[in-house]
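In: sequence first, predicted model second:
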Amino acid sequence: MIVCFPTQDSAGFSAVLFGHFGSAPFFTIVNSETNEVETISNRNEHHQHGNCTPMQSLQGKNIGAIICRGMGRRAVQALNDAGIMVYIGEGNTVEYSLQKFRDNQLTPLTVDGVCQGHGHHGH
């Protein structure tokens with residue numbers, strides 16, 4: 001499965017998870033079966049609250065799951081409607097959260113557990 005992590009940097013498996021999906025500087029994309037890693041700059045990093053369109057940066061990547069620290073209600077709903085699961089990341093790095101994902105130990109992020117704004121620091 002192709003898994004996307006919003007990250008602070010472009011350090012691959014060592015990349016640090018970012019606090020909010022839409023405003024992350026980078027997206028680290030990992031194929032959970034082959035361990036191929038790709039990093040994409042978020043072209044929509046600086047946006048007004050409620051107006052983020054981060055999926056534009058990810059078009060054509062066939063994302064199956066997103067693992068993040070936080071995400072707004074509309075984004076979670078839209079992703080779930082598109083068949084993309086969203087999970088709450090654990091630890092600080094892509095590598096740690098990916099292992100938890102592989103072990104089925106991550107909590108799904110539902111519309112009831114979403115961020116209410118950009119002033120949070122993770123869940």
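Out: Thanks, I have the structure now.
In: return the helix or strand containing residue 6 as CSV; C-alpha atoms alone will do.
Out: Counting by DSSP states H and E, the secondary-structure element that holds residue 6 is strand 2-7. Coordinates of each C-alpha in strand 2-7 appear next as CSV, following Å, rounded to 0.1, in the frame of the first residue of the first chain:
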residue,chain,number,x,y,z
ILE,A,2,1.1,3.5,-0.7
VAL,A,3,1.2,5.5,2.6
CYS,A,4,1.6,9.3,2.9
PHE,A,5,3.1,11.0,5.9
PRO,A,6,3.1,14.9,6.2
THR,A,7,6.6,15.7,7.4
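In: give me the distance from that strand to the chain's centre.
Out: With Cα atoms, centre = their mean, to the nearest Å as the basis, strand 2-7 stands 5 Å off its chain's centre.
In: what lies in contact with that strand?
Out: Applying Cβ atoms under 8 Å, 6 or more residues apart in numbering, the contact partners of strand 2-7 are 15-18, 20-22, 24-32, 39, 42, 54, 58, 61-69, 89, 94, 97-98, 101. In this view, the C-beta of every residue, glycine as well, is placed from N, C-alpha and C.
In: dump the least confident helix or strand in the chain by mean pLDDT to PDB, restricted to CA.
Out: When the helices and strands of the chain are scored by mean pLDDT, DSSP states H and E, helix 73-81 comes last with a mean of 88. Output of helix 73-81 as PDB, limited to C-alpha atoms (Å, rounded to 0.1, in the frame of the first residue of the first chain):
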ATOM      1  CA  ARG A  73     -12.900  17.500   9.500                       C
ATOM      2  CA  ARG A  74     -13.500  18.200   5.800                       C
ATOM      3  CA  ALA A  75     -10.200  16.700   4.800                       C
ATOM      4  CA  VAL A  76     -10.800  13.500   6.800                       C
ATOM      5  CA  GLN A  77     -14.300  13.200   5.400                       C
ATOM      6  CA  ALA A  78     -13.200  13.800   1.800                       C
ATOM      7  CA  LEU A  79     -10.300  11.300   2.100                       C
ATOM      8  CA  ASN A  80     -12.600   8.600   3.700                       C
ATOM      9  CA  ASP A  81     -15.100   9.200   1.000                       C
END
